[in-house]
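>>> My questions concern the predicted model and sequence given below.
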Amino acid sequence: ACRVASLLVTRAMSDTWELTLGASASFSTFGIGCVGSRGIPSLAPQGGPPTLGTPFALQIGNLPFTGAAFLFFGYSDQNYGGTPLPFNLGGFGAPACNLRVSGDVLFSIPNVLGASTWGFLVPNYPGLTFYNQAFAFDPAANALGLTVSNGGAGVIGS
């Protein structure tokens, strides 16, 4: 007689596997701008959040009817160089105006009768957080001749 034995070997895996879908795209605003000649400038997303490979746009409103305007695109809302944020511009002649984001990249934006739209094609950097704030030359606003919008915070995602 012949015996056949079967041997069942089980081995426990000590690994833990997690499925990560990546960062979720988001954009939110924070703080408030300061009063200019046409009210308080506002910054808000136009359309959806900054989703990989799609256009993302910001709408800026309540700028002076004419004059130069620009947008800070930064990577921090905590400091700008060695300066802690928010930074009050009152000492420079713009009371109640605060610098809320770092200006790592400065963009000139069109000012068409007090409104502007600025955008970019969202790159493949999931999870990257960025910050924005708009500024406009507004001689009637204050001694500095500048008015600022609220801040915005975006996360690139899917």
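Sure thing, it's come through.
>>> Every contact and neighbour count from this point should use C-alpha atoms.
Will do.
>>> distance of G154 from P45?
Taking C-alpha to C-alpha, to the nearest Å as the measure, G154 and P45 are separated by 9 Å.
>>> Common neighbours of these two, please.
Counting by C-alpha atoms under 8 Å, 6 or more residues apart in numbering, the common neighbours of G154 and P45 are F27.
>>> give the contact list for T51.
By C-alpha under 8 Å, 6+ apart, the neighbours of T51 are 25, 122, 156-158.
>>> My read is that G103 contacts G74, right?
Yes. Judged on C-alpha atoms under 8 Å, G103 makes contact with G74 at a distance of 4.9 Å.
>>> closest to G114 among the contacts of T51?
For those, the minimum distance to G114 (C-alpha to C-alpha) is 25.9 Å, reached by V122.
>>> ok, that closest one - contacts?
Applying C-alpha under 8 Å, 6+ apart to V122 gives the contacts 50-56, 156.
>>> Mind checking which of those residues are in helices?
Of those, none are assigned to helices by DSSP state H.
>>> among the residues you listed, which ones are buried?
Buried subset of the contacts of V122 (neighbour count, 16 or more other C-alpha atoms under 10 Å): 50-52, 56, 156.
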